[in-house]
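S.K.: heads up, no residue letters with this:
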Ligand SMILES: [Mg+2]
Ligand SMILES: [Zn+2]
């Protein structure tokens, strides 16, 4: 039996329509078609794990309890469409805190891999920011860019990455990887 695989997912701009420092449950809006697509990934055997920087906590813009309320709303809306997230890893620190976890550090991806026995080389990380792609590459997992959220701005910086990174207009388009998986 091979090790488990994950589709790691950034939160803001990927799982939730992008609002900077989103902090209230009523702000949570799912991108069109995201939930059915994630159900396909789940049915293909991928664990769905959220990896998110929440510097708004470290900056004092909102509390950890505010974030938890957002996550409850997120889980409720996706859960209604049959999508279950295995875990949510978040960094609550501000950039100047010098913490080990904040993306682009691969720390949260490694924590998740250790906790769930994941093969990082067989896992994907779908994000919209350069820090998502950098974290994926540092962890040895496969980066994917969504052009939602900050994705278009990130796309303009792709030439600085060492390898081609698959780009998808929206989360829902990533299911093409399940139909045509790239060679290992
Ligand atoms: Mg994001
Ligand atoms: Zn941190």
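M.R.: Looks like it arrived, so ask away. Note that the structure is predicted; figures quoted are calculated from it, not measured. Ligands and ions are numbered 1, 2, ... in the order given.

S.K.: How about the residues of the chain by ligand 2?
M.R.: 91, 93, 99, 101-102 (C-beta under 5 Å from the ion). The way it works is simple: take the backbone N, C-alpha and C, and place the C-beta from them, glycine included.

S.K.: Strands - which of those land there?
M.R.: Using DSSP state E, residue 91 are the members of the residues of the chain next to ligand 2 that sit in strands.

S.K.: filter the residues of the chain next to ligand 2 to the buried ones?
M.R.: By neighbour count, with 16 or more other C-beta atoms under 10 Å, those hold 91, 93, 101-102 as buried.

S.K.: Check the secondary structure at residue 126 for me.
M.R.: Counting by DSSP: H, G, I helix; E, B strand; the rest coil, the backbone at residue 126 sits in strand.

S.K.: Report the buried residues of the longest helix belonging to the chain.
M.R.: Taking DSSP state H as the criterion, the chain has its longest helix at helix 64-79. In terms of neighbour count (16+ other C-beta under 10 Å), helix 64-79 has its buried residues at 66-67, 69-71, 73-74, 77-78.

S.K.: thinking again about what came up before, which single one of the residues of the chain next to ligand 2 is nearest to residue 130?
M.R.: Using C-beta to C-beta, residue 102 is the member of the residues of the chain next to ligand 2 that sits closest to residue 130, with 13.2 Å.

S.K.: Tell me the buried residues in the worst-scoring helix or strand of the chain on mean pLDDT?
M.R.: The helix or strand of the chain with the lowest confidence, counting by mean pLDDT, DSSP states H and E, is helix 176-179 at a mean of 93. Under the neighbour-count criterion of 16+ other C-beta under 10 Å, helix 176-179 has residue 177 buried.

S.K.: Centre of the chain to it, how far?
M.R.: From the chain centre to the centre of helix 176-179 is a distance of 18 Å (C-alpha atoms, centre = their mean, to the nearest Å).

S.K.: From the rest of the structure, what touches it?
M.R.: 40-41, 44, 124, 144, 166, 168 (C-beta atoms under 8 Å, 6 or more residues apart in numbering).

S.K.: Let's see that with 10 Å instead.
M.R.: By C-beta atoms under 10 Å, 6 or more residues apart in numbering, the residues outside helix 176-179 that reach it are 7, 37, 40-41, 43-46, 124, 126, 142, 144, 166, 168.

S.K.: before we move on, what about stretch 39-48?
M.R.: 2, 4-9, 15, 38, 78, 81-87, 112, 116-118, 122-124, 126, 171-172, 174-175, 177-179, 181.

S.K.: can you give me the helices for this protein?
M.R.: Using DSSP H, helices in the chain cover 34-43, 55-58, 64-79, 107-116, 130-139, 151-155, 176-179.

S.K.: Rebuild these as TSV, extending it with distance to ligand 1.
M.R.: Shown next, in TSV, are those (distance: least, C-beta to the ion, whole Å):
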stretch	distance to ligand 1
helix 34-43	13
helix 55-58	12
helix 64-79	13
helix 107-116	13
helix 130-139	7
helix 151-155	8
helix 176-179	19
